[in-house]
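# Quick one, structure for this:
(chains A and B)
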Amino acid sequence: MRNRLRVLRAERRWTQEALAEKLGVSRQTVNSIETGKYDPSLSVAFGLAQVFGCRIEDIFTPAPSEVLTPGHGGGDA
Amino acid sequence: MADRRSELTRTEAVAVWAGSATWVAGIAGAVARTLIAEEAEGWVAAAVAGVAAVGLLVVALVVGRAALRREGVERTVAVESSALAFWATVGAALTYSIVDSFADVPALKGPWVLLFGLLAWTVAQATRQERYR
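Numbers count the residues shown, from 1 in each chain, chains lettered A, B, ... in the order given. Here you go, the predicted model:
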């Protein structure tokens, strides 16, 4: 999963610590999300969307290999 | 700053203290009983062990529930390392038991399993933490 977290945070001049505090998570969690090593839970993703005032899709985008294609586990679409 | 959701509520803190006290009381009871009588009666030993186990179980349940309430990398690390350590310990104990059934090896003892489990959990915790660093 790719994300724009570092950019969004930098635009607001927030430190990882400050963002972590707003989300109620640890600084390590914010750092791991930014470096793409950790995919957050829906709860944290919604929290991020809320603090940045945007949609989850504006923050996270699936990597090309993660995009589901119809007929290959794409659900009931 | 620590995640506020990971902190124990007042009731949970009381439960942890009560559970810890119960465990200590159980262990103290076992030691006292051993000092008083060289060999404790079966039902006394079982009762003392039961009291200590209940105390420890309460602590484990309350702390575990608080840990799972926490969001973020720490929760994932805790869940993954616990699962890995559990299956490593079960697998090792099962393998040793199978070997023990046909080979002349020292009998499997509880403290060995406990020690292996703690070691496996420590290693799993460190490796999973490194994975998300």
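# So, low pLDDT: which residues of chain B?
For chain B, residues meeting the criterion pLDDT under 70 lie at B:1-6, B:38-40.
# what's the helix or strand for A:Pro70?
For A:Pro70, there is no helix or strand it lies in under DSSP states H and E.
# Can you report how many residues lie near it?
8 (other Cβ atoms under 10 Å in any protein chain shown). Heads up, the C-betas are built off the backbone N, CA and C, glycines and all.
# now do B:Ala66
Residues lying near B:Ala66 (other Cβ under 10 Å) number 17.
# could you point out the longest helix in the chain?
You didn't say which chain, so I picked chain A. Secondary structure assigned by DSSP state H gives helix A:42-52 as the longest helix of chain A.
# hm, I was asking about chain B
Identified as the longest helix of chain B according to DSSP H is helix B:73-102.
# and it, what other elements does it pack with?
Applying 3 or more Cβ pairs under 8 Å, 6 or more residues apart in numbering or on different chains; DSSP states H and E, one finds that helix B:73-102 contacts helix A:27-34, helix B:42-69, helix B:110-132.
# how about JSON lines for the ones you listed, with distance to B:Thr22 added?
Below are these laid out as JSON lines (distance: least, Cβ to Cβ, whole Å):
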{"stretch": "helix A:27-34", "distance to B:Thr22": "34"}
{"stretch": "helix B:42-69", "distance to B:Thr22": "3"}
{"stretch": "helix B:110-132", "distance to B:Thr22": "20"}
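# where are the low-confidence patches of chain A?
A:72-77.
# Centroid-nearest residue for chain A?
A:Phe60 (4.9 Å; Cα atoms, centre = their mean).
# Beta-bridge partners for that residue, please?
A:Asn3 (DSSP bridges).
# In contact with it, which residues are there?
A:1-3, A:45 (Cβ atoms under 8 Å, 6 or more residues apart in numbering or on different chains).
# filter the residues you listed to the buried ones?
Burial by neighbour count, 16 or more other Cβ atoms under 10 Å in any protein chain shown: within those this picks out A:3, A:45.
# Identify the residues contacting the residue of chain B found nearest chain A.
Distance from chain A to each residue of chain B (Cβ to the nearest Cβ) is smallest for B:Gly72, at 3.4 Å. By Cβ under 8 Å, 6+ apart, the contact list for B:Gly72 reads A:25-26, A:28-29, A:40, A:44, B:3.
# same check, this time on B:Ser97
Counting by Cβ under 8 Å, 6+ apart, B:Ser97 touches B:Leu108.
# Just the C-alphas of stretch B:83-95, formatted as PDB.
Output of stretch B:83-95 as PDB, limited to C-alpha atoms (Å, rounded to 0.1, in the frame of the first residue of the first chain):
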ATOM      1  CA  ALA B  83       1.000 -16.500  17.900                       C
ATOM      2  CA  LEU B  84       4.400 -17.400  16.600                       C
ATOM      3  CA  ALA B  85       5.700 -18.200  20.100                       C
ATOM      4  CA  PHE B  86       2.600 -20.300  20.900                       C
ATOM      5  CA  TRP B  87       2.900 -22.500  17.700                       C
ATOM      6  CA  ALA B  88       6.700 -22.800  18.100                       C
ATOM      7  CA  THR B  89       6.300 -24.000  21.600                       C
ATOM      8  CA  VAL B  90       3.500 -26.400  20.800                       C
ATOM      9  CA  GLY B  91       5.400 -27.700  17.800                       C
ATOM     10  CA  ALA B  92       8.600 -28.200  19.800                       C
ATOM     11  CA  ALA B  93       6.800 -29.900  22.700                       C
ATOM     12  CA  LEU B  94       4.900 -32.200  20.300                       C
ATOM     13  CA  THR B  95       8.100 -33.100  18.500                       C
END
